[in-house]
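J.: just coords:
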């Protein structure tokens with residue numbers, strides 16, 4: 001079944017201590033969607049915020065009837081908050097966007113257009129990133145390279161929170177048991193056609209970023225837990241030894257007359273080994289200091305519609 005001529009767009013927003021940015025974010029979202037003539041709903045998932053984000057969201061809902069608010073019982077993390085929001089969507093196209101205003105709501109129509117033109121997953125690529133080289137852009141470059149090698153999917157920006165996906169693919173992902181720890185990686189693997197769209201990026205104006213070296217280690221742990229060391233290393237070995245170019249649109253093409261250089265092979269293997277070791281440390285720390293009940297991926301305290 002093809003995409004309807006006037007699809008409904010579901011905007012999903014994970015929220016964690018974003019009270020200062022929420023009013024402006026909501027205003028820009030509504031303005032952009034209305035200007036583009038897009039039928040829409042906005043689902044905010046309050047991921048255990050300790051500030052007054054929930055109260056701000058309740059106020060936004062009073063002024064805009066197409067808003068749903070999910071209040072999670074605790075802080076589960078961004079991926080769980082996104083999956084919680086997706087579980088309550090009713091649109092044909094689902095868009096994810098961060099709540100800190102570093103992503104630009106004005107870029108949403110371009111992602112929607114890519115889906116309407118045949119892609120089932122549109123991944124944002126942040127231009128001129130306004131983040132620290134040491135704590136954000138450097139680790140992000142490393143993760144982009146390693147995850148791309150391991151999964152065989154050439155996404156240029158695995159960390160961009162602004163993406164779009166068809167509801168069919170989103171439901172296939174959210175129906176998995178257990179739910180995927182990294183929905184974007186799962187979407188990239190399952191998509192039959194991926195579009196990569198350049199989007200803007202702004203410096204963070206409110207609060208502090210939760211992205212730290214520890215978060216990078218947690219990401220690596222989640223990645224290995226989700227896709228397994230064996231599966232990842234098999235893909236990595238194939239990529240490094242055969243020179244196969246795994247394109248972002250799901251097709252495999254032999255590289256003509258080229259092969260992966262020895263330096264790139266060595267760097268990739270070394271970096272991946274270090275990341276795998278860090279993941280093991282994080283997993284051990286999680287077992288020692290944080291016990292999570294089986295199946296407790298997310299629980300919703302309250303839904304406001």
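T.: The structure has been received and is ready for your questions. Model, not experiment: these values are computed from the prediction. Numbering: from 1, shown residues only.

J.: Mean pLDDT per helix and strand in this structure: which one sits at the bottom?
T.: Every helix and strand of the chain was ranked by mean pLDDT, DSSP states H and E. The lowest is strand 252-254, at a mean of 33.

J.: hey, where'd the helices end up in the stretch 1-150 of the chain?
T.: Counting by DSSP state H, counting those that start in this stretch, the stretch 1-150 of the chain has helices at residues 22-35, 53-63, 78-86, 108-116, 138-151.

J.: got the contact list for the first one?
T.: For helix 22-35, the surrounding residues in contact (Cβ atoms under 8 Å, 6 or more residues apart in numbering) are 9, 11, 13, 15, 18, 40, 42, 44, 53, 56-57, 60, 64, 97, 99, 101, 104-106, 108-109. All C-beta atoms are positioned from the backbone trio N, CA, C, and that covers glycine.

J.: Among those residues, name the buried ones.
T.: With burial judged by 16 or more other Cβ atoms under 10 Å, the buried subset of those is 9, 11, 13, 15, 18, 40, 42, 44, 53, 56-57, 60, 97, 99, 101, 104-105, 108-109.

J.: quick one: low-confidence parts of the protein?
T.: Low-confidence segments of the chain (pLDDT under 70): 1, 62-65, 129-152, 204-296.

J.: Which stretches in it count as strands?
T.: For the chain, the strands defined by DSSP state E occupy 9-15, 40-46, 67-72, 93-96, 121-126, 163-166, 194-199, 244-246, 252-254, 300-304.

J.: In TSV, list those strands along with distance to residue 153.
T.: Below are those laid out as TSV (distance: least, Cβ to Cβ, whole Å):
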stretch	distance to residue 153
strand 9-15	22
strand 40-46	26
strand 67-72	29
strand 93-96	18
strand 121-126	10
strand 163-166	14
strand 194-199	8
strand 244-246	6
strand 252-254	11
strand 300-304	31
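
J.: I'd like to know which of the ones you listed is closest to residue 177.
T.: Closest approach to residue 177 among the strands of the chain is made by strand 300-304 (17.6 Å; Cβ to Cβ).

J.: who does that closest one pair up with?
T.: The strands beside strand 300-304 in its sheet (DSSP bridges) come out as strand 67-72 (antiparallel).

J.: Give me the contact list for the partner strand.
T.: Residues outside strand 67-72 that contact it (Cβ under 8 Å, 6+ apart) are 41-48, 54, 57-58, 60-61, 80-81, 84-85, 88, 298-305.

J.: Only the buried members of those: can you turn that into a PyMOL selection?
T.: Listed next is the PyMOL selection for buried residues among the contacts of strand 67-72, using 16+ other Cβ under 10 Å:
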select buried, resi 41+42+43+44+45+46+47+48+54+57+58+60+61+80+81+84+85+88+298
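
J.: any idea how far the residue nearest to residue 172 when sequence neighbours are not counted is from residue 156?
T.: Once flanking residues are discounted, residue 172 sits nearest to residue 190: 6.5 Å by Cβ to Cβ, 6 or more residues apart in numbering. Distance, residue 190 to residue 156, using Cβ to Cβ, to the nearest Å: 19 Å.
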